[in-house]
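A.B. asks: Could you look at this predicted model? Sequence included:
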Amino acid sequence: MEKRFFDASPDKGIIRTWHYNEDTDEATIQTTQDLTAVIEANKRDFAMTDNKASWKGEWHHVASIPESVYFQLKAEGKLDDQAYMKKWLNDPDNRFFRVRPGSV
């Protein structure tokens, strides 16, 4: 399998690599992202949020999802599924994407 650098967005920590499989004549682009900066920013925002802040109303900033994760969720058809996203955002495995305490 042939592998080549394709693209990068250093400010977002994203690297894209082009892969070509000569046997199947298929090409894919792999996206990897260093999530450290996003997670650290989310932790700072989470720590600065007032735990007594009200959840009344419809619009609340509850998470910052890195671009690579966003597009993965979109490709899987999960991003537009409100019930799935609610469960995903409340999952402890995804806690570092949250910028606010409580449950969605």
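C.D. replies: Everything's here; your move. Remember, it's a predicted structure, so these values are computed and weren't measured experimentally. Residues are numbered from 1 along each chain as shown.

A.B. asks: what helices or strands is the longest helix seen in the chain leaning on?
C.D. replies: In the chain, taking DSSP state H as the definition, the longest helix is helix 36-48. Packed against helix 36-48 by the contact rule (3 or more C-beta pairs under 8 Å, 6 or more residues apart in numbering; DSSP states H and E) you find no helix or strand. Backbone N, C-alpha and C define where each C-beta goes, glycine included.

A.B. asks: Share the number of residues neighbouring residue 1, please.
C.D. replies: Residue 1 is flanked by 10 other residues according to other C-beta atoms under 10 Å.

A.B. asks: Quick one: residues contacting it.
C.D. replies: By C-beta atoms under 8 Å, 6 or more residues apart in numbering, residue 1 lies in contact with 19, 20, 21, 22.

A.B. asks: can you pull the contacts of residue 69?
C.D. replies: Residue 69 neighbours (C-beta under 8 Å, 6+ apart): 33, 35, 97.

A.B. asks: again with residue 64
C.D. replies: 38, 41, 42, 45, 97, 99.

A.B. asks: same check, this time on residue 68
C.D. replies: Contacts of residue 68 by C-beta under 8 Å, 6+ apart are 14, 31, 32, 33.

A.B. asks: so is it in a helix, a strand, or just coil?
C.D. replies: Under DSSP: H, G, I helix; E, B strand; the rest coil, residue 68 falls in the helix class.

A.B. asks: Cool, thanks, talk later.
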